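# how would this look folded up:
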Amino acid sequence: MAEALQSTTQAGAGTGQLRRNALGVAAITFFVVSAAAPLTAVAGGYPIAMLLGNGAGVPAAVVLVTLILLVFSVGYTAMARHVANAGSFFAFTSRGLGGVAGGAAAYIALLAYNTMQIGLYGLFGAVTAGTLEGMFGIAAPWWLWSLIALVIVGLLGYRQIDLSAKVLAVLVILEYVAVVILDVAVIGKGGAAGIEFSSFTPDAFFTASPTIGVLLCFAAFMGFEATTIYSEEARDPKRTVPRATYLAVLIIGVFYAISTWAMVLGVGADKVVETIGGLPDPTTYVFTLSDQYVGGWLTWIMSLLLISSVFAALLAFHNAAARYFYVLGREGLLPAKLGHTHDAHQSPHSGSVLQTVLGIVVLAIFAITAQDPIFALFTWLTNTATLSVITLMALVSFAVIAFFKKQPALEPSAFKASIAPLVAGVVLAIIALLVVWHFGELTGAARWLAIALPLLVPVAAVLGVIAASKLKQSDPARFARLGAHQTGSQ
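Numbers count the residues shown, from 1 in each chain. Below is the predicted model of the structure:
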């Protein structure tokens, strides 16, 4: 672990580059599983998936989503061995489908990571305010806690990448341990009615609304794809990034499958929806199980760790957004000032500052207009981000096929070069359409807003096309190189 998180003692090649050889497999994996916010998903996302989706069949939905993401990862990691760029979605699309399509992907990615990161401030503020007031009597408005987190995240994002990795390592290990303790306790005691595996059967999967269940499970995985964002800072990226990607998907998938199964066993498959629906707040379901199967001490710890879980996700998505600002500044799709790194930290400091400013502006708007931090700020923005990422994943899958078709010698395996990406692309495109169709159900937003928010994705794509087209006219040679930046270690 220490070796994986150890930074290099040498400075990088210059102020235009990110910190080289700073991250190993473990460090990148921590960033990714932090973005997935495991405790946040288990405590907040999955009880709602059971209530609104397919109930006891959610563990089967988790398995299905894990398989889909593994298939996507086949082509994704194959191309990652040949294109190492911190703006992964943008770079892959540019090299596969051309610079104009790459511009569209670039701006959709900016929308994705910024809306996800800023939306999480709503959840952080609400969870922190409720927990600290309930446990310690400390009363403060949610937006104050969000603002404090925003400042800390901004400072960490401004500094060296390996500092953020060390912070995330501690937080993620603690939240995994807490949930595993609960899982072991529930499974070890046989749950409410003995150990059984009906949650993984087709009958359970197709209960009630499996589509909503699958879509909400996808949301819990968001962030896994960010492994390639750190390719320019990875040690031996051709090996590190693919390993981290598969490791992240498997860790998150297995963890979620076991944890949701334990959540069903806790009260029984026939009573889980009724039990969650009877609670004043579905997100308290895991804490109810903790009180019953372990004791108040674990509930107390998990309540505090839920705060750190959301904070870890904030930090991970902030780093991702800052790197996209940096890459697009470097590539000519955003102002050039963003394309420089800090002299000492070799961090994308300008992108970090810009992302922090955006967070302050949006946070102020939602606070001044007295919007609900969870049902407005968090729900609206993070579901927009989920739609954006799924759209990007579908686009990248087709870009992988085009890339290897133009350069077949780079990947002799037809499965990696075309079959797996084609399957993933078609499935992900269908899922993106389903998200749009069910956006109102997923967010609880008014009808006009359920239409307007998904429209942000094509709007971002059009803005990206315009930026790329302008670059093509002003600097054709630079346009032709979009996404081609390689790390010095390759």
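# quick one: contacts for the residue nearest to the spatial centre of the chain?
With distances taken as Cα atoms, centre = their mean, residue 223 lies nearest the centre of the chain, 2.1 Å away. Listed by Cβ atoms under 8 Å, 6 or more residues apart in numbering, the contact set of residue 223 reads 32, 34, 35, 36, 37, 116, 313, 316, 317, 320. Any C-beta I mention is one placed from the backbone N, CA and C, and that applies to glycine too.
# Could you check how far the host helix or strand of residue 39 is from the centre of its chain?
Taking DSSP states H and E as the criterion, the element that holds residue 39 is helix 38-40. Averaging C-alpha positions (Cα atoms, centre = their mean, to the nearest Å) puts helix 38-40 12 Å from its chain's average.
# what's the answer for stretch 280-300, then?
26 Å.
# List the buried residues of that stretch.
Neighbour counts using 16 or more other Cβ atoms under 10 Å place 282-290, 293-294, 298-299 of stretch 280-300 among the buried residues.
# try stretch 385-401
Judged by neighbour count using 16+ other Cβ under 10 Å, the buried positions of stretch 385-401 are 385-401.
# What's the separation between the residue nearest to residue 386 when sequence neighbours are not counted and residue 45?
Spatial nearest neighbour of residue 386, excluding adjacent residues (Cβ to Cβ, 6 or more residues apart in numbering): residue 219 at 4.6 Å. In this view, residue 219 and residue 45 are 6 Å apart by Cβ to Cβ, to the nearest Å.
# again, but for residue 114
Distance from residue 114 to residue 45, by Cβ to Cβ: 20 Å.
# what's the answer for residue 237, then?
Residue 237 is 31 Å from residue 45, by Cβ to Cβ.
# Let's see the host helix or strand of residue 428 as PDB, backbone CA atoms only.
Element membership for residue 428 (DSSP H and E) is helix 420-437. Only the C-alpha atoms of helix 420-437 are listed here, as PDB (Å, rounded to 0.1, in the frame of the first residue of the first chain):
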ATOM      1  CA  ALA A 420     -17.300  -6.800 -26.900                       C
ATOM      2  CA  PRO A 421     -17.300  -3.000 -27.800                       C
ATOM      3  CA  LEU A 422     -20.300  -3.600 -30.200                       C
ATOM      4  CA  VAL A 423     -22.300  -5.400 -27.500                       C
ATOM      5  CA  ALA A 424     -21.400  -2.800 -24.900                       C
ATOM      6  CA  GLY A 425     -22.200   0.100 -27.200                       C
ATOM      7  CA  VAL A 426     -25.700  -1.200 -28.200                       C
ATOM      8  CA  VAL A 427     -26.600  -2.100 -24.600                       C
ATOM      9  CA  LEU A 428     -25.400   1.200 -23.200                       C
ATOM     10  CA  ALA A 429     -27.200   3.200 -25.900                       C
ATOM     11  CA  ILE A 430     -30.400   1.400 -25.000                       C
ATOM     12  CA  ILE A 431     -29.800   2.100 -21.300                       C
ATOM     13  CA  ALA A 432     -29.200   5.800 -22.000                       C
ATOM     14  CA  LEU A 433     -32.600   6.000 -23.800                       C
ATOM     15  CA  LEU A 434     -34.200   4.300 -20.900                       C
ATOM     16  CA  VAL A 435     -32.800   6.800 -18.500                       C
ATOM     17  CA  VAL A 436     -34.200   9.600 -20.600                       C
ATOM     18  CA  TRP A 437     -37.600   7.900 -20.800                       C
END
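# buried set for the helix or strand following that helix?
As assigned by DSSP H and E, the chain's next helix or strand after helix 420-437 is helix 439-443. Within helix 439-443, the residues that count as buried by 16+ other Cβ under 10 Å are 439, 440, 442, 443.
# hang on, isn't the last one packed against residue 453?
Yes. Checked against Cβ atoms under 8 Å, the pair residue 443 and residue 453 is within contact range at 7.3 Å.
# what is in contact with the two at once?
Common contacts of residue 443 and residue 453 (Cβ under 8 Å, 6+ apart): 380, 383.
# List the contacts of residue 200.
Contacts for residue 200 were tallied using Cβ under 8 Å, 6+ apart; they are 59, 60, 63, 261.
# ok, it to residue 465 distance?
43 Å.
# likewise residue 340?
Counting by Cβ to Cβ - residue 340 and residue 465 are separated by 26 Å.
# Specify which residues of the stretch 1-150 of the chain, grouped into ranges, have pLDDT under the cut-off.
For the stretch 1-150 of the chain, residues meeting the criterion pLDDT under 70 lie at 1-23, 30-31, 34-35.
# Show me where it has its helices.
Ranges of helices within the stretch 1-150 of the chain are 2-5, 25-35, 38-40, 46-52, 58-80, 88-97, 99-136, 142-158, based on DSSP state H, counting those that start in this stretch.
# Quick one: closest of the ones you listed to residue 188.
Set against residue 188 and scored by Cβ to Cβ, these come closest in helix 58-80, at 17.7 Å.
# Next, the buried residues of that closest one.
Within helix 58-80, the residues scored as buried using 16+ other Cβ under 10 Å are 58-66, 68-80.
# ditto for stretch 354-373
By 16+ other Cβ under 10 Å, the buried positions in stretch 354-373 come out as 354, 355, 356, 358, 359, 360, 362, 363, 366, 367, 373.
# Isn't the fourth one up against residue 111?
This points to residue 358. No. Residue 358 is beyond contact range of residue 111, at 11.2 Å (criterion: Cβ under 8 Å).
# Near the closest residue to residue 120 other than its chain neighbours, how many residues? Count them for me, please.
Take residue 120 and drop its neighbours on the chain: the residue closest to it by Cβ to Cβ, 6+ apart is residue 314, 5.1 Å away. Residues contacting residue 314 under the criterion other Cβ atoms under 10 Å number 29.
# Identify the residues contacting residue 173.
So residue 173 contacts nothing (Cβ under 8 Å, 6+ apart).
# Which strand or helix spans it?
Short version, using DSSP H and E: residue 173 is in helix 161-188.
# just checking, what packs against whichever helix or strand comes after that helix?
As assigned by DSSP H and E, the chain's next helix or strand after helix 161-188 is helix 202-205. Applying 3 or more Cβ pairs under 8 Å, 6 or more residues apart in numbering; DSSP states H and E, one finds that helix 202-205 contacts helix 58-80.
# Work out the gap between the helix it packs on and the centre of the chain.
14 Å.
# between that helix and helix 88-97, how big is the angle?
60 degrees (axes from the mean of the first three to the mean of the last three Cα atoms, to 10 degrees).
# Show me what helix 58-80 is packed against.
By 3+ Cβ pairs under 8 Å, 6+ apart, helix 58-80 packs against helix 46-52, helix 88-97, helix 202-205, helix 210-221, helix 237-267, helix 379-406, helix 420-437.
# Where does the prediction get shaky in the stretch 151-300 of the chain?
Low-confidence segments of the stretch 151-300 of the chain (pLDDT under 70): 159-168, 231-234.
# tell me the angle the helix or strand where residue 355 lies makes with helix 99-136.
Assigned by DSSP H and E, residue 355 belongs to helix 349-368. Counting by the same axes, to 10 degrees, helix 349-368 lies at 60 degrees to helix 99-136.
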